[in-house]
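Chemist: Just to be clear, the model below is a prediction. Sequence and coordinates:
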Amino acid sequence: MQTSATDLPSINVLDSFFGGGAQTGATTNQQNRIELENFTSWQVGNHFLKFGVRVRRVAIVSISPANFGGSYTFAGGPGPRLDANNQIVLGPNGQPEQIELSSLERYRRTLIFERLGMGPAQIRSLGGGATQFFIAGGDSEATVHQTDISLFVQDEWKLKPNLTLSPGLRYENQTNIKSPLNIAPRIAFAWSPVFAKSKSTGQASKTKNGDAPKDPQKAPQTSAAGGSSSTVIRGGVGVFYYRISEDLSLQAQRFNGLKQQQYLVTDNSILDLFPNVPAISLLSSFSLPQTRRFIASDLTPGTSLRASLSIARQLNRDLRVTVGYTHTNISHTLRTVNINAPLPGTHNPDARGNDIRPFGQAAGNILEAESNGRSVSNSLNINVNGKYRKLNFWTSYTLAKSSSTDGGTSGSSQNPYDFSQEWGRSSYDFRHYFYANANCQAPFGLSFYMFLMGNSGAPFNVTIGRDVNGDTNFSERPAFATDLNKPGVIQTSLGALDPNPDVGQRIIPRNLGQGPCFLSIGMGAGKEFKFGRAIPPGSVEGKGVVNVEKGASQPATPVKTPVVRPYSLGFSVYAINLLNSANPGTPVGNMASPYFLNSTGISGQFFGNGGTGGNRQITLSVRLGF
């Protein structure tokens, strides 16, 4: 259970900070889950058959008064230039000089002028005032019951000693969506093109002089059929499905427009009540009184077509190289689309309530979960692992590229109904990955280990930080500037960007930005001491032993070889980010933020994900084993 420490509304100053109340309310989530599985396998000649079935059932009772206290949003936008005394600067024409304000500056002006006792209208004329107020209310309880079933059959068919085929078929289905034909065929193979047939005895191949190798470690690799191979080629292709989470049904039930309502306020007369929460009587009169969520009638699980091919080569006894390629094409990915957004060209920020919407103004925003997205990714992976004397090492490098449609909430600044410009780099499109680790046993029982990992930067989206099409999303992107003297144009490392594009200007691609690289080195050392009482050969330990089957005490047998009952005491030290290098996080892509294109944090983990801050960490440990 989670409970907010305060009932104050939250404050979201876009890409600057969050403040105010947590808006979780008294949240509980009771879940009952049951899962039944059965797997059966049997051998029939050269076929090894597998069959399985899984049934899962979940029942959830969720109480979530999230955002029942409301949240204010401050976004950037045009406003008058102020001098050091917060007085309006007039231009050559005697009119207030207009500039582009950041979200943080708009919030700052709101607080300053409120403390000076100014009225809401005057504060807004000076560039202050909230941009949106969002609040939910009604029945916070929602329940869902969902069942899914999957069945599979697979065969490992050994056609030849050096060739194995693995065809398979899987079927899946679940309640709460209409998708009865989730049939997933798959096939894989393993082939050893360099295969030496050995003697019928199944022994390892002999050396040139006819004798078996003295050192078994130096014998050729031997297959189960008695042959040897230093190269193995593996591949496969198949269809996989992503099940629809029960959370989607919970949201659709909770925000169906009857059980619970969401209000999005954009009227300045109500926004000027900041920091107070507007009364329900004021909210109910809005043209956008609530945001509803629905599941599309043709929603289907994401369908993934995966294909892979790898070649593994044992170069010698101590060195192995594997090269692999993977292709993934996912269709029917989930997207959330506002199907009642204002029609193109009908939204006027200065005349709210006059938008033309497909389902009318009274219907408000309707967010529909659809499965019409897609993504494509390709990756080439090289692994090298082996041993050099007492050093064991493993390295991996991956070159990857991933593209996808967006999550459905962006759309170009001119037409939120046209997503043709939303195909671009995926948010997880890290082009390069590298990982290496090694360990070795040194004299005096010391052990050392190290790792190095890094990746190229993550892509990030660049937005203007304003909602200009009325779909209530701050995800509109700028255009490449065609007039460098136009007000608002910003020169960046990505080019000259225009946050106020005209009709016909080229909108920048999604996820145009490139984040910084990540690199971390870790190292550790350890020493283990073993001690214990040794039992010399020929001695008798104890008076007897118990026969477990008969429950009787039997005479003890003299010990033939020395026996040690050991204890171990280990000491180790381990350092993460040994060099204490700072790895900047993903930069802010909001042009209305004062931190635009700057990193406001550091990345603490692999692939640019957040973590403990990325600081150097040194861990000392002691372990006693017995």
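Modeler: Great, that's in hand.
Chemist: Which of the helices and strands in the protein ranks last by mean pLDDT?
Modeler: strand 545-546 (a mean of 42; mean pLDDT, DSSP states H and E).
Chemist: Could you report the pLDDT at Gln505?
Modeler: Among the per-residue scores, Gln505 holds a pLDDT of 89.
Chemist: Which residue ranges of this protein form helices?
Modeler: For the chain, the helices defined by DSSP state H cover 103-115, 120-125, 246-254, 268-271, 280-283.
Chemist: Indicate which one of the ones you listed is closest to Asp350.
Modeler: With CB to CB as the criterion, Asp350 lies closest to helix 268-271 of those, at 10.3 Å. Where you see a C-beta, it was placed from the backbone N, CA and C, and this is true even at glycine.
Chemist: So which other helices or strands are in contact with that closest one?
Modeler: Counting contacts by 3 or more CB pairs under 8 Å, 6 or more residues apart in numbering; DSSP states H and E, helix 268-271 is packed against helix 120-125, strand 132-138.
Chemist: residues of that helix that come out buried?
Modeler: For helix 268-271, the neighbour count (16 or more other CB atoms under 10 Å) marks Ile270, Leu271 as buried.
Chemist: Quick one: residues in contact with it.
Modeler: Residues from elsewhere that reach helix 268-271, judged by CB atoms under 8 Å, 6 or more residues apart in numbering: 72, 120, 124, 129-133, 265, 278, 282-283, 286.
Chemist: closest to Leu597 out of the helices of the chain?
Modeler: For these, the distance to Leu597 is smallest for helix 103-115, at 14.9 Å, taking CB to CB.
Chemist: And the average pLDDT for the closest one is what?
Modeler: Across helix 103-115, pLDDT averages out at 92.
Chemist: who does Ile99 bridge with?
Modeler: Gly79 (DSSP bridges).
Chemist: residue contacts, Pro301?
Modeler: For Pro301, counting by CB under 8 Å, 6+ apart, the contacting residues are Glu172, Gln174, Ile177, Ser179, Asn182, Tyr241, Tyr242, Arg243, Ile244, His332, Ser371.
Chemist: where does the fourth one fall, phi/psi-wise?
Modeler: So that's Ser179. phi -150, psi 70 (degrees, to the nearest 10).
Chemist: That one contacts Ser297, correct?
Modeler: No - the pair Ser179 and Ser297 fails to qualify as a contact (CB atoms under 8 Å) at a distance of 11.3 Å.
Chemist: Dump the helices and strands packed on helix 268-271 into a markdown table; add mean neighbour count, distance to Pro349 and mean pLDDT as well.
Modeler: Formatted as a markdown table, these follow (neighbours: other CB atoms under 10 Å; distance: least, CB to CB, whole Å; pLDDT from 0 to 100):
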| stretch | mean neighbour count | distance to Pro349 | mean pLDDT |
| --- | --- | --- | --- |
| helix 120-125 | 16 | 13 | 90 |
| strand 132-138 | 20 | 12 | 83 |
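Chemist: Thr619 is nearest to which of the ones you listed?
Modeler: Thr619 sits nearest to strand 132-138 of all the helices and strands packed on helix 268-271, at 43.1 Å, using CB to CB.
Chemist: and the direction of the closest one versus that of helix 246-254, what angle?
Modeler: Strand 132-138 runs at 80 degrees relative to helix 246-254, counting by axes from the mean of the first three to the mean of the last three CA atoms, to 10 degrees.
Chemist: Touching strand 132-138 from outside, list them.
Modeler: Residues outside strand 132-138 that contact it (CB under 8 Å, 6+ apart): 9, 65-73, 75, 259-266, 270-271, 274, 277-278, 280, 283, 472.
Chemist: In its sheet, which strands sit next to that strand, and in what direction?
Modeler: Counting by DSSP bridges, the strands paired with strand 132-138 are strand 71-74 (antiparallel), strand 260-265 (antiparallel).
Chemist: Mind checking the ones you listed for the one nearest to Phe444?
Modeler: strand 71-74 (61.1 Å).
Chemist: Asn615 reaches Leu578, doesn't it?
Modeler: No - assessed by CB under 8 Å, Asn615 is found out of contact with Leu578, at 11.5 Å.
Chemist: thinking again about what came up before, can you put the helices of the chain in CSV and add distance to Ala190?
Modeler: Output for the helices of the chain, formatted as CSV (distance: least, CB to CB, whole Å):
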stretch, distance to Ala190
helix 103-115, 56
helix 120-125, 70
helix 246-254, 38
helix 268-271, 65
helix 280-283, 64
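Chemist: So for Ser304, which of those sits nearest?
Modeler: Using CB to CB, those put helix 246-254 closest to Ser304, at 18.3 Å.
Chemist: residues of that closest one that come out buried?
Modeler: Applying a neighbour-count criterion of 16+ other CB under 10 Å, one finds Glu246, Leu248, Ser249, Leu250, Gln251, Ala252, Gln253, Arg254 buried in helix 246-254.
Chemist: Can you pull up the most central residue in the chain?
Modeler: In the chain, the centroid-proximal residue (CA atoms, centre = their mean) is Tyr428; its distance is 7.5 Å.
Chemist: does that one really touch Lys401, like I thought?
Modeler: No - using CB under 8 Å, Tyr428 is not in contact with Lys401; the gap is 11.1 Å.
Chemist: number of nearby residues for Phe393?
Modeler: A total of 16 residues lie near Phe393 under the criterion other CB atoms under 10 Å.
Chemist: now the one 4 residues further on
Modeler: Burial of Tyr397, expressed as a neighbour count using other CB under 10 Å, amounts to 14.
Chemist: show me the residues around it that make contact.
Modeler: Residues in contact with Tyr397 (CB under 8 Å, 6+ apart) are Asn381, Ile382, His432, Tyr433, Phe434, Tyr435.
Chemist: out of the residues you listed, who has the most neighbours?
Modeler: Most surrounded of the contacts of Tyr397: other CB under 10 Å gives Tyr433, at 19 neighbours.
Chemist: Not including adjacent chain positions, what is the nearest residue to that one?
Modeler: Among residues not flanking Tyr433 along the chain, Thr398 sits closest, at 4.1 Å (CB to CB, 6 or more residues apart in numbering).
Chemist: Can you list which of the contacts of Pro301 are found in strands?
Modeler: Mapping these onto strands (DSSP state E) picks out Glu172, Gln174, Asn182, Tyr241, Tyr242, His332, Ser371.
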